[in-house]
Each structure stands twice: as structure tokens, then as C-alpha cells.
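Student: below are the sequence and a predicted model; questions follow.
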Amino acid sequence: MSEQDDKPQSEAVPSPPTEEASSARVPEDKNTAGRPKFTGKNAIELKDVKKSFDGKEFVLNGIDLQIPRGQITVIIGYSGTGKSVLLKHILGLVTPTSGSIKVQGQELTEMTEAQRTQLRQGYGMLFQYSALFDDMTALENVMFPLKEHRRGQMKKSEMQEVAKARLKDAGLDPKHFNKLPSEMSGGMRKRVGLARALALDPEILIYDEPTTGLDPVLTEMVDNLIVSTHNARKGSTSVVVSHDLYAAFRIADHVAMLDSGRVLLYGTPEDFLNSEIDLVKRFVAKGVRKELTPKEGEEPLRSTE
Amino acid sequence: MSYASRRAKFNEKFDEIFSSIFGTLAGFVVATGSLMRFAIQSIRSVFTKPFRWDEIISHMEFVGNKSVVIIVLSGSFTGLALAMQIYLGFKLVNMTALVGPTVGLGVLRELGPVLTGLIVSARAGGAMAARLGTMRVTEQIDALEVMGVDPVQYLVSPRIIATVLVMPLLTGIFDFVAMAGCWVICIFLFGIDQASFWDRTTMWLKPYHLYEGLFKAALFGLFFAVICTERGYKTKGGAEGVGNATNEGVVTSMVMIIVLDFFITNLINVFYRFQKYFMS
């Protein structure tokens, strides 16, 4: 199936499910498994986080960042500035060389692996290429986290109900529920990936380069999906790692730009547009203004024949 | 060229050779250590909850059931060829009645487990490395980790356990069809007396010969499953990385099976001697 097949569906922005509708469909008390709701100001706090893999070069060189609860924060930066490494730190997959990482008030660096595993149940993550299990259908993919973590608390039929609700929330047509990832288009896979990320009712949603490699229509669809999903889940925190500045400015409450393993600028999209920092200005010029005419002295990026 | 400069050049060459040998040895030790750690982690994960019976059974079906046809084909033709060669040799000394037990001993103790190990490692081991490698490069293993699922416990341990359980069964099938092939060729082609064939075979073959082969098969299964899953699990890069991991996994497994066979055979012989010594 081509990307084109998904376009009519993508053009219709999925309407955010209302809170009443969600709770009517999903047995939330069972699904969250009694996780206490975090009510602090910052969902994630990083203080002077440094990371070196070889003991010489620092990939993260003193990151200070507060990601506020209930908002969408986009982390941007050029390739190789440490965005993915930072994400792995937040997920607890990599331990920092020094510094402190607090997730929902809990110090990640002092946790045991079992505690981190427990904590990760509060995360939902949409991978760059969705990372769906290719031997499972869309429905089975979404049911997988429930089977792993709600075994004994939910019946199989309840899990199926939750999975179907999540897929519908993500805007996937029920006729695609039993398709394998190889039979789905890129946009559909994104929707399934998002539904799987939402399966355990996470308080923190992380998106790793969600629009990379997608055409403009699908990019817009994914951006809308991020916002509608966020708005439908009051109090949830969304962290988007991207280098698509145009998309980032459309969805972000706050933006953090990384450079050389540090936070170069943190603020609202307006702060970025008004910034006098040279690197930010160049990044914004390339990403947002998208000037079609070359500047003086610049070669046009098109065939000269 | 002065003595000093020749000496300096010699020292430089010597350093180069020494560091190359040392580097290779160090690399081998590190790789072996990493493999051992992976094996221990995988085996330990088997005993942690949740127990993944469904996964084990599904991998047993993949490693075992889907290998039966090639094992039957390889086993029967191995038995036929071996019986034919041994018959030609034994006919010269008029001992054709011993073809059955000779083929039996060779198959049960050596060829059965070794050939089954080589065939299954190429088929199922390669598939394991490729599957895990693909899961690694497409971030499916990362997705498991992020979901709070231990990828080693979910993906690796069931494959290792399934292989260890299934390898003796496949070897048993190989042994059976190889002996059947031997019987067919001895009785129907060479006209060896049926009673004589069975009398000699049961006289020389003992149950412990079979157990020895089955034990070896389980060990070979353990080794190639650990090697192939480790290669796949630690795949780096894209499609090329998956190809390399599969290739390395299968080649290392095959060489290891043949090398290990020699050492295990010797260890088993030592065990028999000790047993005889203590029993007498």
C-alpha cells in the first residue's frame, strides 16, 4: 500500500476524544494499575547532565532543562547535537556520567533496573519509524503492553477493548485493525505506533523524530495527532524530539535547542523568532522562513540547465 | 645501514607483530567474555517471571518441527552412504556382519549430534540471528525496553531453551533414520543376514551411546543458540549489519560445534574411565 492511500484519511484531522468518552470505553482504574498521579510543576528535570561514552568527548556537556507537566516541549537541534542521547537518558536507557535526572520527582540515576522498568510503564513512546512488531497485527501490537503489564488485572476481552479504543483515538479505521505492519502505509503505522504508546495510559508521551521522512500532508497529520492526543489527555506531558522546526513551532508550548551537548536556548516559539543568537537565527531562517529565493551570493538549489 | 638503525627497525617490526597478536588475543578474550555474560544473563532470565511457555513452545515448533524434513533427508542418506562405504571396507576382511554396529556407533556418538547441530544451526540459528538483528535495527528491541519488557527474557531465553530441548529430539530422529537407511542397504542391497545384523548391532550398541549423542546435541544446541542470538541481539548498522550478524553467527556456530565435539568426546571418555574405576 502506498503513502497515497492514507492521504484522504490523513486530511481529516482526528477529533480529540472527550474525557467522558474515553473513560466510558476504557477501564482506566485497571489500566493505570494504581499509579499515583503526579501533580508537580515539572514532569522532567535535568540538572548539569553530562555524558561521555569514551571518557574523553562529552556528548552531553551540562544539560539543564525543565520540562513542564501538561505541556508540549519540543527539543530541536542539528544532527549530532545529542538529542537522541538526551532522550535515552530521559527514558533511563543510558546512565549519565554525572548530573541529576528527575522524572515525576523521582531521581532516575539512583533507581535500580527494576524501578526503572516500573517507571517506564508511565512512558509512551512513538518511534521514528514506529518500531511496530512485524509479526503482530495492529491490534496485537497495541495489546502487547497490556498483556505484559496488566496480566492478571485485565481480561483478554478488556485488553482488546482498550486496544481498539486506542486505535480509534489515534484515527485508525477499524478495517485495518487486523493488518500486519507490512500491509500498512507509513501514516497508518504512525497511528498504530501512537495507539501502542497510549495503551498503558502514560503520563509522559515521547515522540522521536515523528515526522522525519514523511510528506507534507502526513507531517501535518502527525502534528495534528500529537496536539489532539495531548489535548485529550489532561495533565499529560509531551516531549517531541525533532529537527523539523516548522512543525515544532506549530505544536510546541516550549522549545529547547541543543548545541554541542548543551541547551543553547529554551523558550516559547516567539522567543526563538526574536532571538539574536546567531545559530538560532540561522536555524530559524532555514527551518521556518523557508525562503525560496536565494540570498545575495548564494547559489540556487535547482538545476542550472 | 648501521647496526643501530637495523636494531630500531627490528624492534619496531617486533612491536608491531606483538601488538597485533596481543590485540587479536585481547579481542578474543573480550568477545568470549561478552558471550559468556550474555549466556549467563539469558539462562538466568529463564527463571524469572513471567515464564514464557507460549514463546518457548512456538520456538520449539520453529526450531524442531520445521527442521524435521531436512533432518530425515540428511539422516537417511548419511546412513545409506556410511553403510555402503563401511561395507566395502569390511568385505575385504570378511566382517560384513559388523557394518550395522559400526554405522550405529558412528551415528549415535558422533555423526548424529554433529550433523544435526550443523544443519539446525545453519537453518534455525541463522534465522534467529537475522530475526533479532532485524528487530535491533528497526528499533523493535528498543521499543520493548521502553515498554518495560526485558528483551533478553522475552526474545533470547525462550529461543535458547527451545533449542536445547529440541536438539536431542532431532538427533534422535537423525539416528533413527540413519540406522533405518543402514538396515535397508545392508539387508536389501548387500544381502546381509537379518538375524546376524540385529544380533551384532544389539551386542555392540548400548543405551549410553545414545545418551552420549543426545547430551552432545543439547550442548551444541545451547552453544549455537547463544552464539546466534548474541550476534543478532548486538547487531549494529542497517541491512549490512544484519547480514554480517547472520553470517558470523552461523560460521562461528559451525566451527564451534566441530571444535567442541572433540573436547566433549574426550571429556566423556574421561568420565567413562572414572566411572569404570569407581565401579570396579
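Tutor: Everything's here; your move.

Student: got any ranges where the chain has weak pLDDT?
Tutor: In the absence of a named chain, chain A is used. Along chain A, segments meeting pLDDT under 70 span A:1-39, A:286-305.

Student: nope, chain B
Tutor: Scanning chain B for pLDDT under 70 picks out B:1.

Student: show me which residues of it are close to chain A?
Tutor: Within reach of chain A by CB under 8 Å from any CB of the partner chain, chain B has these residues: B:50, B:134, B:138-140, B:142-143, B:145-150. The way it works is simple: take the backbone N, C-alpha and C, and place the C-beta from them, glycine included.

Student: run a quick neighbour tally on residue B:160.
Tutor: The tally of other residues near residue B:160 (other CB atoms under 10 Å in any protein chain shown) stands at 26.

Student: likewise for residue A:60?
Tutor: Using other CB under 10 Å: residue A:60 sits among 26 other residues.

Student: contacts only, for it.
Tutor: The contact partners of residue A:60, taken as CB atoms under 8 Å, 6 or more residues apart in numbering or on different chains, are A:49-51, A:82, A:85-86, A:89, A:96, A:261.

Student: ditto for residue A:200
Tutor: So residue A:200 contacts A:31-32, A:121-122, A:124, A:145-146, A:149-150, B:147 (CB under 8 Å, 6+ apart).

Student: the contacts of residue A:60 in strands, which ones?
Tutor: Counting by DSSP state E, the contacts of residue A:60 place A:49-51 in strands.

Student: and the stretch 1-150 of chain A, which residues reach chain B?
Tutor: Residues of the stretch 1-150 of chain A lying close to chain B (CB under 8 Å from any CB) are A:91, A:93, A:117-118, A:120-121, A:123, A:125, A:127-129, A:131-134, A:144-145, A:148-149.

Student: what is the nearest of the ones in strands among the contacts of residue A:60 to chain B?
Tutor: Using CB to the nearest CB, residue A:51 comes nearest to chain B of the ones in strands among the contacts of residue A:60, at 17.5 Å.

Student: helix, strand, or coil at the closest residue to the closest one other than its chain neighbours?
Tutor: Leaving out its chain neighbours, the residue that sits closest to residue A:51 by CB to CB, 6 or more residues apart in numbering or on different chains is residue A:60, at 4.2 Å. Three-state call for residue A:60 (DSSP: H, G, I helix; E, B strand; the rest coil): strand.

Student: now the ones in strands among the contacts of residue A:60 as TSV including neighbour count and distance to residue B:120?
Tutor: TSV is the format used below for these (neighbours: other CB atoms under 10 Å in any protein chain shown; distance: CB to CB, whole Å):
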residue	neighbour count	distance to residue B:120
A:49	25	47
A:50	16	48
A:51	21	42
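
Student: list the buried residues for the longest helix along chain A?
Tutor: Assignment by DSSP state H gives helix A:216-232 as the longest helix of chain A. Neighbour-count burial for helix A:216-232 flags A:217-230, A:232 (criterion: 16 or more other CB atoms under 10 Å in any protein chain shown).

Student: break chain B down into its domains, please.
Tutor: What the record gives for chain B is the domain set B:1-47, B:54-279, from automatic domain parsing.

Student: so which of those is the most packed in?
Tutor: For these, average neighbour numbers computed from mean count of other CB atoms under 10 Å in any protein chain shown are highest in domain B:54-279, which has a mean of 19.

Student: from the chain's centroid, how far away is that domain?
Tutor: Taking CA atoms, centre = their mean, to the nearest Å, one finds domain B:54-279 lying 5 Å from the centre of the chain it belongs to.

Student: what's the span of it from first residue to last?
Tutor: For domain B:54-279, the first and last residues are 44 Å from each other (CA to CA, to the nearest Å).

Student: re earlier: any chance of CSV for the ones in strands among the contacts of residue A:60, columns distance to residue B:128?
Tutor: Converted to CSV, the ones in strands among the contacts of residue A:60 look like this (distance: CB to CB, whole Å):
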residue, distance to residue B:128
A:49, 37
A:50, 38
A:51, 33
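
Student: closest to residue B:101 among those?
Tutor: Residue B:101 has its nearest neighbour among the ones in strands among the contacts of residue A:60 in residue A:51, at 65.6 Å by CB to CB.

Student: helices of chain A, start to end?
Tutor: A:7-11, A:19-25, A:28-31, A:83-90, A:113-120, A:138-149, A:156-169, A:186-198, A:216-232, A:245-251, A:269-273, A:278-284.

Student: list the contacts for residue B:141?
Tutor: By CB under 8 Å, 6+ apart, the contact list for residue B:141 reads B:132, B:135, B:151, B:155, B:233.

Student: backbone dihedrals for it, please?
Tutor: Backbone torsions of residue B:141, given as degrees, to the nearest 10, read phi -70, psi -40.

Student: quick one: the closest residue to residue B:103 other than its chain neighbours and residue B:91, what's the gap?
Tutor: Spatial nearest neighbour of residue B:103, excluding adjacent residues (CB to CB, 6+ apart): residue B:182 at 4.3 Å. Residue B:182 is 15 Å from residue B:91, where distance means CB to CB, to the nearest Å.

Student: now swap in residue B:67 and tell me
Tutor: As judged by CB to CB, residue B:67 and residue B:91 stand 35 Å apart.

Student: likewise residue B:172?
Tutor: 30 Å.

Student: for the helix or strand residue B:165 falls within, name the packing helices and strands.
Tutor: Per DSSP states H and E: residue B:165 is located in helix B:157-184. Secondary-structure packing of helix B:157-184 (3 or more CB pairs under 8 Å, 6 or more residues apart in numbering or on different chains; DSSP states H and E): helix B:3-46, helix B:53-63, helix B:68-92, helix B:99-106, helix B:112-120, helix B:207-233.

Student: 6 Å instead, please
Tutor: Contacts defined by 3 or more CB pairs under 6 Å, 6 or more residues apart in numbering or on different chains; DSSP states H and E place helix B:157-184 against helix B:3-46, helix B:53-63, helix B:68-92, helix B:112-120, helix B:207-233.

Student: how about these in CSV, adding distance to residue A:190?
Tutor: As requested, the helices and strands packed on helix B:157-184 are exported to CSV (distance: least, CB to CB, whole Å):
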stretch, distance to residue A:190
helix B:3-46, 32
helix B:53-63, 28
helix B:68-92, 41
helix B:112-120, 39
helix B:207-233, 27
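
Student: nearest to residue A:179, out of those helices?
Tutor: The nearest among the helices and strands packed on helix B:157-184, by CB to CB, is helix B:53-63 at 21.1 Å.

Student: start to end distance for stretch B:45-54?
Tutor: 15 Å.

Student: now do it: distance to the chain's middle.
Tutor: Relative to the centre of its chain, stretch B:45-54 is centred 24 Å away, using CA atoms, centre = their mean.

Student: what would the contacts of residue A:200 look like in JSON lines with distance to residue B:206?
Tutor: Converted to JSON lines, the contacts of residue A:200 look like this (distance: CB to CB, whole Å):
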{"residue": "A:31", "distance to residue B:206": "60"}
{"residue": "A:32", "distance to residue B:206": "62"}
{"residue": "A:121", "distance to residue B:206": "56"}
{"residue": "A:122", "distance to residue B:206": "61"}
{"residue": "A:124", "distance to residue B:206": "61"}
{"residue": "A:145", "distance to residue B:206": "53"}
{"residue": "A:146", "distance to residue B:206": "54"}
{"residue": "A:149", "distance to residue B:206": "52"}
{"residue": "A:150", "distance to residue B:206": "53"}
{"residue": "B:147", "distance to residue B:206": "52"}
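
Student: of those - the most surrounded one?
Tutor: residue A:124 leads the contacts of residue A:200 on contacts (other CB under 10 Å) with 29 neighbours.
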